[in-house]
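[1] sequence plus predicted model, see below.
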Amino acid sequence: MHAPAFTIEKWVRVMAGHCCDGVWHRDGSDGCASALPIRPALRERLIAWADRYNACGDHLPPERQAAFDLKEFSADGLKIARAIRAELPGWTIVYFDAAKCDYGNREQPRHEFEYEV
């Protein structure tokens, strides 16, 4: 099954995840940053942000993990989501704020860590 096209849905979630470009479709499937109709400089910024998350990952051996400041990372991601919003008026841009998500609390309301920008 193919993921829906961003340009058809006009909806994107900006969220870091291991081995992805940091963008997701409404159905939860990961997407390619190259499929977003945004400036190349913003696309590169988005991919670099996603790569920072991949470099910190607990999926890597400890000696290969980069230092990681979750609050700074999340603030940068929000700036990127807002820049995407500015370039794609009329789209729904949702941001998943990892710094606000309590991964151990399944009762946490989703709107506390995921919201439209």
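    That came in fine, so what should we check first?

[2] and the one residue sitting closest to the centre of the chain, what does it touch?
    What sits nearest the mean C-alpha location of the chain, by CA atoms, centre = their mean, is Met15, with 2.1 Å. Contacts here follow CB atoms under 8 Å, 6 or more residues apart in numbering; on that basis Met15 touches Gly22, Val23, Trp24, Tyr95, Phe96, Ala98, Glu114. Using the backbone N, CA and C atoms, a C-beta is placed for each residue, glycine as well.

[3] burial count for the nearest residue to Arg52 once chain neighbours are set aside?
    The shortest distance from Arg52 to any residue other than its chain neighbours is 6.3 Å, reached at Phe73 (CB to CB, 6 or more residues apart in numbering). Neighbours of Phe73 under the rule other CB atoms under 10 Å: 17.

[4] mind telling me what element Phe73 is part of?
    Using DSSP states H and E, Phe73 falls within helix 70-87.

[5] quick check: buried residues in the next helix or strand after that helix?
    Going down the chain from helix 70-87, the next helix or strand is strand 92-96, by DSSP H and E. Buried residues in strand 92-96, counted by 16 or more other CB atoms under 10 Å: Ile93, Val94, Tyr95, Phe96.
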